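Undergrad: build me a model:
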Amino acid sequence: MRTQEEILKRFKEVKDMFGTQRGDLISYLTFENAKIFLKEEYVKKVENEEEEWEVLIDAKKEILDYLKLAYEKAESQKGLSAARSMLHFKTWVWIDNPDFYKEIISDINNYYDYGLPTLDKISAFYGYSRD
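TA: Residues are numbered from 1 along each chain as shown. Below is the predicted model:
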């Protein structure tokens, strides 16, 4: 998994229309690293222990949990939803496996057919079965 410094740097650099990648990335930051990007009232609630900040630590789990829904979106030809799915995978694979990220990023950025071929590659790599 990427370091806090790497995730924070990417959070500051990445931009996407939906805010999907930044939303995913901030979930992997510690509260101390994330709080400058959070609403002040939420920060106060966490600091006063009225809310709890939970740091995600398993991007592979996020990938595996989301693949079924991503396939449903792609097969239903939901263009914006399929695009958003690709943004999730762009972030989660980047966090989880830098080597596979290098292999799959072109497919993610240039997906076609609502991302079905890209989802198949991600599924094969992570051992996800649609059965």
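Undergrad: could you list the domains of this structure?
TA: For the chain, automatic domain parsing gives the domain ranges 4-47, 59-126.
Undergrad: for the record, mean pLDDT for the shortest one?
TA: Mean per-residue pLDDT for domain 4-47: 95.
Undergrad: what is the end-to-end distance of that domain?
TA: Length of domain 4-47, first residue to last, CA to CA, to the nearest Å: 20 Å.
Undergrad: related to what we said a few turns ago, any chance of TSV for the domains of the chain, columns mean neighbour count and distance to Trp53?
TA: Quick note: C-beta positions are derived from backbone N, CA and C, even for glycine. Converted to TSV, the domains of the chain look like this (neighbours: other CB atoms under 10 Å; distance: least, CB to CB, whole Å):
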stretch	mean neighbour count	distance to Trp53
domain 4-47	15	4
domain 59-126	17	17
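Undergrad: just the element for Ile105, please.
TA: Under the assignment given by DSSP states H and E, the secondary-structure element containing Ile105 is helix 98-109.
Undergrad: next one: that helix to chain centre, how far?
TA: From the chain centre to the centre of helix 98-109 is a distance of 13 Å (CA atoms, centre = their mean, to the nearest Å).
Undergrad: please apply the same query to stretch 45-55.
TA: Between the centre of stretch 45-55 and the centre of its host chain there is 22 Å, according to CA atoms, centre = their mean.
Undergrad: ok now stretch 60-77, how far from the chain's centre?
TA: 12 Å.
Undergrad: and what of stretch 3-11?
TA: Using CA atoms, centre = their mean, the distance from the centre of stretch 3-11 to the centre of the chain it belongs to is 13 Å.
Undergrad: can you pull the contacts of the residue sitting furthest away from the middle of the chain?
TA: Centroid-distance maximum for the chain: Asn48 at 28.6 Å, with CA atoms, centre = their mean. With CB atoms under 8 Å, 6 or more residues apart in numbering as the criterion, no residue contacts Asn48.
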